[in-house]
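Asks: Sharing a model prediction with you, sequence too.
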2 protein chains.
Amino acid sequence: MEWQRLREKAFTTTKEALAASVNDNHLIIQAVASMEDLDRTSNTLIKRLREWYSLYGPEFSHAVTDNEAFTRRVLEKSKQEQLQELQCKQSMGADLQEQDVQEMLALAGMIRAMHEERARLERYLETIMQRHCPNITAIAGPTIAARLLQEAGSLRQLAIIQASTIQMYGAEKALFRHLKTGAKPPKHGHIINHPLIAKAQAKDKGKIARALADKLSIAAKVDYFKGDPIGDELRKALEERFG
Amino acid sequence: MEWQRLREKAFTTTKEALAASVNDNHLIIQAVASMEDLDRTSNTLIKRLREWYSLYGPEFSHAVTDNEAFTRRVLEKSKQEQLQELQCKQSMGADLQEQDVQEMLALAGMIRAMHEERARLERYLETIMQRHCPNITAIAGPTIAARLLQEAGSLRQLAIIQASTIQMYGAEKALFRHLKTGAKPPKHGHIINHPLIAKAQAKDKGKIARALADKLSIAAKVDYFKGDPIGDELRKALEERFG
């Protein structure tokens, strides 16, 4: 009887500890992984829609390369309107029955819903990043900062590791190729998408990546130890130096 | 001037021929491929949802293995209701904030929309199969019949090939393994999902697959040459012999 009580108590305590162990880290990692899954899956479906739609309006499928724009215009404009805009008098696509067209539009509508869900997740990610780690978010934006957090596994880990590791996160393949074969080392991983690096000239990218990773490393420590906000200041310093 | 006119005439004729070449074959192949893409992509997203949701209610994620049922119940029942149904007094999941829960539900809602779109496509496939090849559809059902059509590439091809090829469609990997290594030959490809084969004992499956493929081969010829309906009759004969 005493044992039974002890056993139950142990279960309760463990369950409580498990429940308490879930924190913003876990939510951020799930949210950013969901965004990636949505990107991948909506791309698969867009390719299908393009192939299907090109039976009906091949000219249009070729003319609009952006996926979101393609989906939106398929839904909003009729074939006639689209052909007029392209100044195309005669389509190579078939005249399908109304029902056949509706089915394509239903698929397009679902893809649009996926794009909307992706945008919604991005907004959520921003909220939760602001609350969990405002400083790295201020410097790198929510998406890149969340990817770094995802690689590190936790904010604690991100605060502990070297700046050069932050610089390389997302470029593991190139890094190990470098270590094994002596190929050129990578300059940057996920942070390559940061506006400062994206718009820089090739010769400057490495230097900016190093500086950016340094600031991110400082900001991660401030975030983890709940120090005074420093993110905006660090971002401005970077922008003044490289912007 | 004359050349110019000739050139334009040639373009027009070619475009007309291209537009006219699209037929139900193409629509069926796109519809069945869309269904497959939807299955794959919604499974990817369901796995993500399960992982995410298990931060909140791990007991429930384990208890419901069916994906559609899982999505539906996440949307329809609160965590409390679910725990009560499982007679679980204390959850190992975290008490998340309302906003964090809402984001998971938004993803679940999108997955449900994908399931609905899949069901819609299935109904569409049935309509178009009935109009294009009613006889093979009567025997094998719209989904299996459409898969066979997709493998063959056209109804004409399906009407021409041997019954044994129809039997093997979808089992190419096992067939070539048999030819190369002498492993056991496959008994059936896509038709394995046919109710008559699915519910048969292992020792009978090969025999039924052969008979089914024979009837499908006859039905495909009738469909292609627009003969008198024979599908229902052939299906009944199969059901009487093996049902």
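Replies: Ah, there it is.

Asks: Determine whether any part of the helix ranked longest in chain A lies close to chain B.
Replies: Scanning chain A for the longest helix, with DSSP state H as the assignment, gives helix A:98-132. Yes - Helix A:98-132 lies within reach of chain B by C-beta under 8 Å from any C-beta of the partner chain, at A:99-100, A:103, A:106-107, A:110, A:113-114, A:117, A:120-121, A:124, A:127-128. Every residue, glycine included, has its C-beta placed from N, CA and C.

Asks: Show me what that helix is packed against.
Replies: When contacts are defined as 3 or more C-beta pairs under 8 Å, 6 or more residues apart in numbering or on different chains; DSSP states H and E, helix A:98-132 packs onto helix A:24-53, helix A:67-76, helix A:134-152, helix B:24-53, helix B:98-132.

Asks: can you do 6 Å?
Replies: With contacts defined as 3 or more C-beta pairs under 6 Å, 6 or more residues apart in numbering or on different chains; DSSP states H and E, helix A:98-132 has these neighbours: helix A:24-53, helix A:67-76, helix A:134-152, helix B:98-132.

Asks: and it with helix A:134-152, angle?
Replies: For helix A:98-132 against helix A:134-152, the angle by axes from the mean of the first three to the mean of the last three C-alpha atoms, to 10 degrees is 110 degrees.

Asks: Would you mind listing the buried residues in helix A:98-132?
Replies: A:100-101, A:103-104, A:107-108, A:110-115, A:117-118, A:120-122, A:124-126, A:128-129, A:132 (16 or more other C-beta atoms under 10 Å in any protein chain shown).

Asks: can I see the domain layout of chain A?
Replies: Following automatic domain parsing, chain A resolves into domains at A:19-132, A:134-243.

Asks: Now do the shortest one, average pLDDT.
Replies: Domain A:134-243 comes out with an average pLDDT of 92.

Asks: can it be found next to chain B?
Replies: No - with C-beta under 6 Å from any C-beta of the partner chain as the criterion, chain B is not reached by domain A:134-243; the gap is at least 13.0 Å.

Asks: how far is that domain from where the chain is centred?
Replies: 15 Å (C-alpha atoms, centre = their mean, to the nearest Å).

Asks: Centre-most residue in chain A?
Replies: Centroid check for chain A by C-alpha atoms, centre = their mean gives A:Thr143 as the closest residue, at 5.2 Å.

Asks: what's the spacing between it and A:Ala183?
Replies: Distance of A:Thr143 to A:Ala183, given as C-beta to C-beta, to the nearest Å: 28 Å.

Asks: How about A:Val22?
Replies: 41 Å.

Asks: Out of those two, name the residue with the larger neighbour count.
Replies: A:Val22 (19 against 12; other C-beta atoms under 10 Å in any protein chain shown).

Asks: My guess is that one contacts B:Gly93. True?
Replies: No - contact criterion C-beta atoms under 6 Å: A:Val22 and B:Gly93 do not qualify, at 7.3 Å.

Asks: Hmm, A:Val32 is touching A:Leu149, no?
Replies: No - when contacts are counted by C-beta under 6 Å, A:Val32 is not listed as touching A:Leu149 (7.7 Å).

Asks: The domains of chain A: which one's closest to B:Leu27?
Replies: Distance to B:Leu27, taken as C-beta to C-beta, is lowest for domain A:19-132 among these, at 5.7 Å.

Asks: distance between the ends of the closest one?
Replies: Length of domain A:19-132, first residue to last, C-alpha to C-alpha, to the nearest Å: 18 Å.

Asks: cool, stretch A:82-93 as well?
Replies: Using C-alpha to C-alpha, the end-to-end distance of stretch A:82-93 comes out at 12 Å.

Asks: where's it relative to the chain centroid, distance-wise?
Replies: Its chain's C-alpha centre and that of stretch A:82-93 lie 36 Å apart, by C-alpha atoms, centre = their mean.

Asks: Tell me the buried residues in that stretch?
Replies: A:82-83, A:91-93.

Asks: What is the nearest of those residues to A:Thr137?
Replies: For the buried residues of stretch A:82-93, the nearest to A:Thr137 is A:Gln82 (40.5 Å; C-beta to C-beta).

Asks: Tell me who's in contact with that closest one.
Replies: By C-beta atoms under 6 Å, 6 or more residues apart in numbering or on different chains, the residues touching A:Gln82 are A:Phe60.

Asks: That one and A:Ile192, how far apart?
Replies: 36 Å.

Asks: next one: A:Asp66
Replies: The value you get for A:Asp66 to A:Ile192, if C-beta to C-beta is used, is 21 Å.

Asks: Neighbour count for those two, which is higher?
Replies: A:Ile192 (15 against 9).

Asks: Relative to B:Leu105, how far out is the nearest residue to the more buried one once chain neighbours are set aside?
Replies: Distances taken as C-beta to C-beta, 6 or more residues apart in numbering or on different chains place A:Ala198 nearest to A:Ile192, at 7.1 Å, with adjacent residues excluded. For A:Ala198, the distance to B:Leu105 equals 34 Å [C-beta to C-beta].

Asks: One more: A:Gln162?
Replies: A:Gln162 is 39 Å from B:Leu105, by C-beta to C-beta.

Asks: ditto for A:Ile208
Replies: Separation of A:Ile208 from B:Leu105 (C-beta to C-beta): 40 Å.

Asks: for A:Ala220, what are its contacts?
Replies: Taking C-beta under 6 Å, 6+ apart as the criterion, A:Ala220 is in contact with A:136, A:158-159.

Asks: mind putting those in a markdown table, distance to A:Asp232 and neighbour count included?
Replies: Listed next are those as a markdown table, based on distance: C-beta to C-beta, whole Å; neighbours: other C-beta atoms under 10 Å in any protein chain shown:
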| residue | distance to A:Asp232 | neighbour count |
| --- | --- | --- |
| A:Ile136 | 12 | 32 |
| A:Leu158 | 19 | 27 |
| A:Ala159 | 19 | 19 |
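
Asks: List the buried residues in stretch A:181-197.
Replies: For stretch A:181-197, a neighbour-count test (16+ other C-beta under 10 Å) marks A:186-191, A:194, A:196-197 as buried.
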